[in-house]
Structures are given as structure tokens and as C-alpha cells.
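With the sequence up front, the predicted model follows.
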Amino acid sequence: MSDPQLPVVMSERRQLVNLAYRLLGSVAEAEDVVQETYLRWYALSERQRREVAAPGAWLTTVASRICLDLLGSARARRERYVGEWIPEPVPGRSEWLDGSDSVDPADRVTLDESISMAFLVVLDSMTPAERVAFVLHDVFRYSFAEVAEVVGRTPAACRQLASSARRRIRTSQGPSGTEHAGVVRDFKRAWETKDIEALVGLLDPRAIATADSGGLVPAFRDPIIGGEQIAQAWMEIAARGPAMSLLERTVNGQPGLVAQFEDTIVSVYAFDIAEGRITRIWAIRNPEKLRTWTAS
């Protein structure tokens, strides 16, 4: 028997993917959460499903609780991760899987300011309850009463959680896209021409560069601190490896770079910029986190 609620239920898929990605920082895990959410929906009896007054709210609550459980175990999983862990980068819409029409548009993460790498990294530093309360309320506009149903705390406690998270987020606000693009383009040019003085000039003296390889490919294991040290490291990367093409691409809604060797994207670079200088570089090299990328 067909489910009369199917169109309504499936229309929530995009929202659920977007929510789970922001909470977990992983497209693959977000997809797993959405699949599990739908499995739980169809594990209900037909009568139970008909009694759900708002299927979308039910699905969001279940997906959020699954994410909350996963976030609770994430610290232990990160301790087993080889090297630094960085959220999985997502490309701009036109760069998803060759822009193939066969890609389910619901699987494409909506790009806005709540998807930037700087934003996700700050989210990752929060407690699971802070992260869920903040994302549900400030990003997806759920009331604190609704957030309380997910987190298992009072609305007042959830308000405090979101307020604490908000204070952390304020420091991660980036510049305009125009300035960001120009700085990234200058960085690309300096790297390609091996102009170390230009690189140093583009980097904040206290800049930090972090790489994520998951131990699957070569990468520096510890964060590099200091503009001069980062510039020197990038010169070494340019000198020792095979020639790669650097391409300007949208990375988590911001101008970024990808390194392409032959027809394969081998690295994705996200940046944070303040006052015209690069303050953070995130180099994602773990091939398992680059599966949504393609040479285009």
C-alpha cells in the first residue's frame, strides 16, 4: 500500500541533509543519518505514522537525536583518527559530481554562511548539546521549546547553550567574498611562481595551517604556526612533489583552491581571512573526504 504522506516526508530530505551535515561536518555521515531517520519512520506502523501531526518536525527531531548520539561518541573516534581532523569540504553546486543531472539535488548541501570551514571548525569545538542547540535555533530557526525536545533539557537551558555557542561563533565571522577571492587568487599566483616573499606578505604572522590526511596520504601531521613557517612549507610542497594544477573553486561557500594531479583532485584548500591576510589554511587531503569533488 502506498504511503499518502510520502511526498511530504520526502520533501524534508534536503533539510535533513543540510541539518546533519552542519551538525556532523561529514557528508557521508549526514547521508547515513538521513537514511536511518527514514528507516525509523517506516518502522512505525501505518496507524502510528497517520497519528504524527507534523511529519517534518518528527523527522527533524529524530535526525537531530541521532546526530546528538554520534557527536557524543565523536571524541573517542577522533582520538583514533590519524593526524588532525577537519570537517569534510563541500564544493559549489556546479562542481558536484561533474554537475551530473543524475545527482539527487536533495543530497547537495545548501551553501550559506553557516557552511564556511571557519564556522564548522568552531562548531566542532563545542559540546554536542551546544552545537545542536545553536544549529537548530540560530541556523534552522527552531524554537527553544522544540530544541528542548531534542536535547532533553529545559528551554531555558537550551537558550543558555545557544548563547554560549553564539559567543564562540562571533569570532569566526569572515570578510566579504570579494576580498576573500582576491587574497586567495594572489596566494595561488605566489605559490605557482614560488614567490616566498609574496606568500609571507599574504599570511598573517600568527597564521595557522592544518592538514587532514587521515593517515592515508602524505601530509604534515601537526599544525604549522606562523606566516613565514607556512610559506616555507608551501615552497617545499611545490618543490618536492609532481607538478599539480591549482584551480580556483568554491569551498564551503567561500573562494578556495583545489590541487589537481592529472584528472584527480588530491587536495582541497579552505581559507579564513582577516584584514586582507590569511589567518587559517585548512588542507584536506584525505581521499575519503574528497569523494564529492571532481576535476572540472
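Thanks, I have the structure now. For clarity, every value in this text was computed on a predicted model and none was experimentally measured.

could you dump stretch 263-279 to PDB, C-alpha only?
Extracted in PDB, the C-alpha atoms of stretch 263-279 (Å, rounded to 0.1, in the frame of the first residue of the first chain):
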ATOM      1  CA  ASP A 263      42.400  14.000 -13.600                       C
ATOM      2  CA  THR A 264      42.200  13.600  -9.800                       C
ATOM      3  CA  ILE A 265      41.600  16.200  -7.100                       C
ATOM      4  CA  VAL A 266      44.200  15.400  -4.500                       C
ATOM      5  CA  SER A 267      43.800  18.400  -2.100                       C
ATOM      6  CA  VAL A 268      41.200  21.000  -1.200                       C
ATOM      7  CA  TYR A 269      42.300  24.200   0.500                       C
ATOM      8  CA  ALA A 270      39.900  26.400   2.500                       C
ATOM      9  CA  PHE A 271      41.000  29.700   3.900                       C
ATOM     10  CA  ASP A 272      40.000  32.200   6.600                       C
ATOM     11  CA  ILE A 273      41.000  35.800   6.100                       C
ATOM     12  CA  ALA A 274      41.000  38.900   8.300                       C
ATOM     13  CA  GLU A 275      42.100  42.400   7.300                       C
ATOM     14  CA  GLY A 276      43.400  41.300   3.900                       C
ATOM     15  CA  ARG A 277      45.600  38.500   5.300                       C
ATOM     16  CA  ILE A 278      45.200  34.700   5.600                       C
ATOM     17  CA  THR A 279      44.800  33.700   9.200                       C
END
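
And residue 86, its phi and psi?
Note on residue 86: backbone dihedrals following degrees, to the nearest 10 are phi -120, psi 140.

what's the closest residue in space to it that isn't next to it in sequence in contact with, if anything?
Using CB to CB, 6 or more residues apart in numbering and skipping the chain neighbours, the partner closest in space to residue 86 is residue 212 (3.9 Å). C-betas here are computed from N, CA, C, even on glycine. When contacts are counted by CB atoms under 8 Å, 6 or more residues apart in numbering, residue 212 is found next to 83, 84, 85, 86, 219, 282, 283, 284, 285, 286, 289.

nearest to residue 118, of the residues you listed?
Proximity of these to residue 118 (CB to CB) peaks at residue 282, which lies at 8.7 Å.

pLDDT averaged over whichever strand or helix holds that closest one, what's the number?
According to DSSP states H and E, residue 282 maps onto strand 277-284. Average pLDDT, strand 277-284: 97.

now stretch 25-36
94.

quick one: secondary structure of residue 266?
strand (DSSP: H, G, I helix; E, B strand; the rest coil).

Isn't it up against residue 244?
Yes: applying CB atoms under 8 Å as the test, residue 266 and residue 244 come out as touching, 6.9 Å apart.

Strand partners (parallel or antiparallel) of the strand holding residue 282?
Sheet pairing for strand 277-284, assigned by DSSP bridges, gives strand 203-212 (parallel), strand 264-274 (antiparallel).

most tightly surrounded among those?
strand 264-274 (a mean of 22; mean count of other CB atoms under 10 Å).

Report the buried residues of the strand holding residue 282.
278, 279, 280, 281, 282, 283, 284 (16 or more other CB atoms under 10 Å).

How much space separates the closest residue in space to residue 221 that isn't next to it in sequence from residue 217?
Of all residues not flanking residue 221 in the chain, residue 83 sits nearest, at 5.1 Å (CB to CB, 6+ apart). Using CB to CB, to the nearest Å, residue 83 is found at 10 Å from residue 217.

Compare neighbour counts for those two and give me the winner.
residue 83 (18 against 13; other CB atoms under 10 Å).

What segments of the stretch 51-200 of the chain are helices?
Assigned by DSSP state H, counting those that start in this stretch, the stretch 51-200 of the chain shows helices spanning 55-79, 117-124, 128-134, 144-151, 155-170, 177-192, 196-202.

I'd like to know which of those is closest to residue 9.
helix 55-79 (5.3 Å).

Touching the closest one from outside, list them.
5, 8-9, 11-12, 15-16, 19-20, 23-24, 29, 33-34, 36-38, 40-41, 49, 52, 85, 128-129, 131-132, 136, 140, 142, 146, 149-151.

elements contacting the lowest-mean-pLDDT helix or strand in the chain?
The weakest-scoring helix or strand in the chain, judged by mean pLDDT, DSSP states H and E, is helix 6-10 (a mean of 80). For helix 6-10, the packing partners by 3 or more CB pairs under 8 Å, 6 or more residues apart in numbering; DSSP states H and E come out as helix 55-79.

still on that earlier bit, burial-wise, tell me which of the helices of the stretch 51-200 of the chain comes out on top.
Using mean count of other CB under 10 Å, helix 128-134 ranks as the most buried of the helices of the stretch 51-200 of the chain, with a mean of 24.
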